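Asker: Give the three-dimensional model of this entry:
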Amino acid sequence: MNRVCITKDGKLIEMQSGGDDRPDLMDARLDTLKQNALDAGYKEDEIEVKWVTDEEWSQIEATLNQPTPEQIAEQEKEALIQAKIKEMAEAELIKEGKITLTGDVK
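Answerer: Reported below is the predicted structural model:
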């Protein structure tokens, strides 16, 4: 089994594997994760520590590299900015006579 510390909205803070071989230490091992999160600046009411099965960990792990809605919005904004910069640069180069309307270099 694995133990995880996540935010209330499901963001992974930390994962540690193993450690379920000593039932007398299982709570202490969760407390370590909790203390690590508190030391990192999280508040106790913002986090959850728990034991998860390998299957549950696989589900959590699968979401780790997925962009957040905020990251997606930022990527879309950046793409629009880059497109606008390109459009403005091409218009200026046409105006200066350095490229043709079809984008060929003169």
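
Asker: And stretch 57-67, what's buried?
Answerer: Under the neighbour-count criterion of 16 or more other CB atoms under 10 Å, stretch 57-67 has W57 buried. Any C-beta I mention is one placed from the backbone N, CA and C, and that applies to glycine too.

Asker: let me fix that: stretch 1-12
Answerer: Applying 16+ other CB under 10 Å to stretch 1-12 flags N2, R3, V4, C5, I6 as buried.

Asker: Against which helices or strands is the helix ranked longest in the chain packed?
Answerer: For the chain, the longest helix by residue count, based on DSSP state H, is helix 69-95. Using 3 or more CB pairs under 8 Å, 6 or more residues apart in numbering; DSSP states H and E, no helix or strand is in contact with helix 69-95.

Asker: roughly how far is that helix from the heart of the chain?
Answerer: 24 Å (CA atoms, centre = their mean, to the nearest Å).

Asker: low-scoring pLDDT stretches of this protein, where are they?
Answerer: Nowhere does the chain drop to pLDDT under 70.
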